[in-house]
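Undergrad: Here is the input, now give the coordinates:
(chains A, B, C and D)
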There are 2 protein chains.
Amino acid sequence: MSEKSRRDLCDTYCPHEDKVARYKDRVLEVAGLSELFRALGDETRTKILYLLAEEEFCVCDLATILDMSLPAISHHLRLLRTMRLVKHRREGRMVYYSLADSHILELIRQAQEHFEEER
Amino acid sequence: MSEKSRRDLCDTYCPHEDKVARYKDRVLEVAGLSELFRALGDETRTKILYLLAEEEFCVCDLATILDMSLPAISHHLRLLRTMRLVKHRREGRMVYYSLADSHILELIRQAQEHFEEER
DNA sequence: TATATATTTAAGCAAGTGTTTAATTATACT
DNA sequence: AGTATAATTAAACACTTGCTTAAATATATA
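TA: Model (predicted):
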């Protein structure tokens, strides 16, 4: 957006120029965080991570538990792998996945807390 | 997916039937959580929540800080409102938004921690 | 080496998401 | 009342996402 049109948004009182200037840089701190949340923003992936927090599973187990096709699960696992949220080890024909670290489980727990207070 | 095709996924070793049966119900616990994460899974919304965690802002302030149009911001605020993540109060022509509760800020903090350890 | 199986990859498609522009609503001021 | 302004809503569009089917890899076994 241009400087011009931005100023046009609110002519009189708003924007509270001091505030605005102060915070323009601050927001950069959270840039990129949403990528992590987006990974969790799919029910299948949340479930996968939740499961992997308990123990390791092969792709086929996950597909069966979540009632989805192998390619679909594999697709999600690839995304989670790219984001380094899960790790995998091969054992013969099968590939076992597990959580890369426990931060994610903490995120899920936190979200659950929020949810429980909603009611 | 049908029972048939599901069984076809892995014929021999997999699925580990006991595991699978045990976890099929467990995953229901996180159903719905992804909705919350999806709300955070957009950079604009994460930024909005991050800002509102500091102090209240009118729609126009947010639009200016985030360099976006009013309708775009309003659109995101509506979603956050529907999810009860933010609350608002009217003061004259302006509407001021603030965080509905602090759980969300905790989520953001947690995510930031995860991010910092990545490097 | 040939066949079977667990997983991954690729291509195509339907559905969802975020933005824009234009029109509408709500409040304030003259 | 009439005009101006902050915010919301609606419609349209481009873009992304997640699934499906089909083909390709990788490992194990006969």
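
Undergrad: Can you get me a residue count around residue A:38?
TA: Neighbour count for residue A:38, taken as other Cβ atoms under 10 Å in any protein chain shown: 19. Yep, even glycine has a C-beta here, placed from its N, CA and C like the rest.

Undergrad: go on, residue A:68?
TA: As a measure of burial, residue A:68 has 20 neighbours, counting by other Cβ under 10 Å.

Undergrad: and what of residue A:110?
TA: Neighbour tally, residue A:110, other Cβ under 10 Å: 20.

Undergrad: Go ahead and list the helix or strand containing it.
TA: helix A:103-118 (DSSP states H and E).

Undergrad: Are that helix and chain B in contact anywhere?
TA: Yes - using Cβ under 8 Å from any Cβ of the partner chain, helix A:103-118 reaches chain B at A:103-104, A:106-108, A:110-115, A:117-118.

Undergrad: And that helix, what does it pack against?
TA: helix A:33-40, helix A:43-52, helix B:33-40, helix B:103-118 (3 or more Cβ pairs under 8 Å, 6 or more residues apart in numbering or on different chains; DSSP states H and E).

Undergrad: Check those for me: which has the lowest mean pLDDT.
TA: Mean pLDDT values for those show the minimum at helix B:103-118, a mean of 86.

Undergrad: ok, and for that one, which residues are buried?
TA: B:103, B:104, B:106, B:107, B:108, B:110, B:111, B:112, B:114 (16 or more other Cβ atoms under 10 Å in any protein chain shown).

Undergrad: Next secondary structure after the helix or strand bottoming out on mean pLDDT in chain A?
TA: When the helices and strands of chain A are scored by mean pLDDT, DSSP states H and E, helix A:3-8 comes last with a mean of 42. As assigned by DSSP H and E, the chain's next helix or strand after helix A:3-8 is helix A:17-26.

Undergrad: Buried residues of that following helix, list them for me.
TA: Neighbour counts over helix A:17-26 (16+ other Cβ under 10 Å) mark A:19, A:20, A:23 as buried.

Undergrad: Can you tell me which of the residues you listed comes closest to residue A:38?
TA: residue A:23 (23.2 Å; Cβ to Cβ).

Undergrad: any idea what sits nearest that closest one, other than its immediate chain neighbours?
TA: Spatial nearest neighbour of residue A:23, excluding adjacent residues (Cβ to Cβ, 6 or more residues apart in numbering or on different chains): residue B:65 at 5.1 Å.

Undergrad: Quick check: residue A:104 touching residue A:40?
TA: Yes - if you go by Cβ atoms under 8 Å, residue A:104 and residue A:40 touch, sitting 7.5 Å apart.

Undergrad: between the two, what contacts are shared?
TA: residue A:49 (Cβ atoms under 8 Å, 6 or more residues apart in numbering or on different chains).

Undergrad: count of residues packed around the closest residue to residue A:31 other than its chain neighbours?
TA: With Cβ to Cβ, 6+ apart as the criterion, residue A:31 has its nearest non-adjacent residue at 6.4 Å, and that residue is residue B:43. Counted with other Cβ under 10 Å, the neighbours of residue B:43 add up to 18.
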